[in-house]
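Visitor: Next one to model:
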Amino acid sequence: MITGIEHLAIFANDSKKLTDWYVENLNARIVFQNDAGVYFVAFSNDSMIEICPNPNEENIKTPLNTPGLRHIALIANNFEETVEYIKGLGVEIVEEPITYPNGVGTMFFRDIEGNILHLISRKTPLV
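Guide: Residues are numbered from 1 along each chain as shown. I've put the predicted structure just below:
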C-alpha cells in the first residue's frame, strides 16, 4: 500500500538554474541528476523535489487560490529568521508572513520561476 509521498515535480524553463537556486538559497542538495537535465533535490528531512526541463513553454504564474496543486510547503525551525532571509532573496512575496495565535507561522512566496512556496512553522507538528 501507499506509505507516503516520495517527491513532487516541477517542470522548469531552466532546470539547472532552478536546481541551483534551491541548492544555494533553500538548503537543498542534489541527490540525482542525469544528462536529460532532470535533477532531484533533497532537504535535511529527505523530502525531495524533482526538477525537470521544459524549455518549450513559459511558466504561467497562477494565483494562490487557483484549483489544483498550488504550492510546496517548506518547514522553518526559526520562522522570523527564515522570513527575513527569504525577503532578502528579493523573491516575490505572495502573502506576507503571519503568526497565528496558536503559534503557526506562514508566508507564501515564489521561486525564481514563479512556483509558489509556502513557508510554515508549527510549534507542534501535525503528525
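Visitor: so where's this structure shaky on pLDDT?
Guide: For the chain, no stretch has pLDDT under 70.
Visitor: what about residue 82, neighbour count?
Guide: Residues lying near residue 82 (other Cβ atoms under 10 Å) number 20. C-beta coordinates here come from the backbone N, C-alpha and C atoms, glycine included.
Visitor: er, residue 72 I mean
Guide: 14.
Visitor: where's stretch 56-70 relative to the chain centroid, distance-wise?
Guide: How far stretch 56-70 lies from its chain's middle: 14 Å, per Cα atoms, centre = their mean, to the nearest Å.
Visitor: List the buried residues in it.
Guide: Residues of stretch 56-70 classed as buried by neighbour count (16 or more other Cβ atoms under 10 Å): residue 59.
Visitor: just the CA coordinates of it, formatted as PDB?
Guide: Taking C-alpha atoms only, stretch 56-70 is exported to PDB below (Å, rounded to 0.1, in the frame of the first residue of the first chain):
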ATOM      1  CA  ASN A  56       9.300  24.900 -24.800                       C
ATOM      2  CA  GLU A  57       6.600  26.600 -22.800                       C
ATOM      3  CA  GLU A  58       6.600  29.600 -20.500                       C
ATOM      4  CA  ASN A  59       5.800  29.000 -16.800                       C
ATOM      5  CA  ILE A  60       2.500  30.700 -16.100                       C
ATOM      6  CA  LYS A  61       2.200  32.300 -12.700                       C
ATOM      7  CA  THR A  62      -1.100  31.200 -11.200                       C
ATOM      8  CA  PRO A  63      -2.900  32.800  -8.200                       C
ATOM      9  CA  LEU A  64      -2.500  31.100  -4.900                       C
ATOM     10  CA  ASN A  65      -6.200  30.000  -4.800                       C
ATOM     11  CA  THR A  66      -6.500  28.500  -8.300                       C
ATOM     12  CA  PRO A  67      -7.800  25.000  -8.100                       C
ATOM     13  CA  GLY A  68      -5.200  22.200  -8.400                       C
ATOM     14  CA  LEU A  69      -1.800  21.600  -6.900                       C
ATOM     15  CA  ARG A  70      -0.700  25.100  -5.800                       C
END
